[in-house]
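J.: just a sequence and a predicted model for now, questions to come.
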Amino acid sequence: MLYQKKVYDMIIATKKSKKIINPKKSKKFIKPKKSDIAIVRVGPAIVDYLPIDAITEIVARVGATSAADLFRCKLTCKILHEIVEEKKVLQHAAIKGLYYCTWSNKEKAQSYFDRCRNCNNPDALYQLGMEQYFSQFKAIEGMKNLEKAMTQKHKEATYAIGLISMCSSDNKYKNKGVELLLNLMNTIKGEGIIELRQKLRDLMHELRWRIFKNEDTNEVSSLMVPPTITCTLGALHEIESGWAKEYYYDENVEDNVVCEACKCRREVDFFHDLLRTILVPLDE
């Protein structure tokens, strides 16, 4: 069924006068009442011809790029309304910005975020894990969610775990962080690392975390202690590579740093600089 009102070239049949009015030819167009509008029957929708698996795959790809488009799909028909709630769709759905949206839509956004998280959506697990670790005094739960996201090859989660682990006083975790970061940097190269820095910076701007100085209740303060990852030729390597902190987000600067220790230390320095500029101590 399709209801159409003010559409030119459409013939409208009225119940009262039984007269056919063509809006294009008539000098005076009288807007019909709801009860007078004729019902135009159309053929079956395209979703009636496609296999459910194919439709689910299409909707999942749409949802992975835009949450707004996914919501529009949900409003089109009953079939798509049900498919949008499928685990395969929610597991890969885009959630950027929804978890920290305006108060007017907060309940709906939170409900959508929770459904995605329950379906092991890696983006949802990553955002929840970061907030738990840095602002809810739940370092263990936060790290578990980050690791769940990392098992799904989530690059941002891998990057965050690598940075956090390298700032640990435990050599076991520190070595784990070095290994994670080096593997990641060797995989995605220079531009990929710049993108990860930008995404981490943007997420921290959204969260507006606060650092609590009580080490008994929060792990965050320990991250500010510089790790013992050093290179005896670090100063020379920095001069030879021509790299400086001003190039954290500059895609036009070629990354010539070869030393693995210098690479890891550079990312930790970036992390510390970000914490100092974004996070606000509670007592200030």
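T.: Thanks, I have the structure now. It should be emphasised that the depicted structure is a prediction, and the values quoted were computed from it without experimental measurement. Numbering: from 1, shown residues only.
J.: all strands of this structure, in order?
T.: Secondary structure of the chain (DSSP state E): strands located at 12-13, 20-21.
J.: in terms of mean pLDDT, which of these ranks lowest?
T.: Among these, strand 12-13 carries the lowest mean pLDDT, at a mean of 42.
J.: go ahead and confirm Glu141 touches Gln132.
T.: Yes - counting by C-beta atoms under 8 Å, Glu141 does reach Gln132; the two are 5.1 Å apart. Heads up, the C-betas are built off the backbone N, CA and C, glycines and all.
J.: pLDDT weak spots in the stretch 51-200 of the chain?
T.: By pLDDT under 70, the weakly predicted segments of the stretch 51-200 of the chain are 97-105, 190.
J.: what ranges do the helices span in the protein?
T.: Under the criterion DSSP state H, helices of the chain are mapped to 52-65, 67-76, 78-83, 87-91, 106-118, 122-135, 139-151, 155-166, 171-207, 234-241, 260-278.
J.: could I get those helices in a markdown table, plus columns for mean neighbour count?
T.: A markdown table is the format used below for those (neighbours: other C-beta atoms under 10 Å):
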| stretch | mean neighbour count |
| --- | --- |
| helix 52-65 | 16 |
| helix 67-76 | 15 |
| helix 78-83 | 15 |
| helix 87-91 | 19 |
| helix 106-118 | 16 |
| helix 122-135 | 24 |
| helix 139-151 | 19 |
| helix 155-166 | 24 |
| helix 171-207 | 16 |
| helix 234-241 | 14 |
| helix 260-278 | 18 |
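J.: can you tell me how far Glu195 is from Pro51?
T.: Remark: distance between Glu195 and Pro51 (C-beta to C-beta, to the nearest Å) = 36 Å.
J.: oh, I was asking about Asn186
T.: Plainly put, Asn186 is 41 Å away from Pro51 if you go by C-beta to C-beta.
J.: who touches Leu184 in this structure?
T.: Each residue near Leu184 by C-beta atoms under 8 Å, 6 or more residues apart in numbering is listed here: 155, 158-159, 162, 193, 196.
J.: repeat that for 10 Å
T.: For Leu184, the contacting residues are 155, 158-159, 161-162, 192-193, 196, 267, by C-beta atoms under 10 Å, 6 or more residues apart in numbering.
J.: farthest-apart pair in those, please.
T.: Ile161 and Gly192 (16.4 Å; C-beta to C-beta).
J.: Tyr159 is in contact with Ile194, isn't it?
T.: No - in this structure, Tyr159 is not within contact of Ile194 by C-beta atoms under 10 Å, at 11.6 Å.
J.: list residues touching both of those two?
T.: Common neighbours of Tyr159 and Ile194 (C-beta under 10 Å, 6+ apart) are Ile188.
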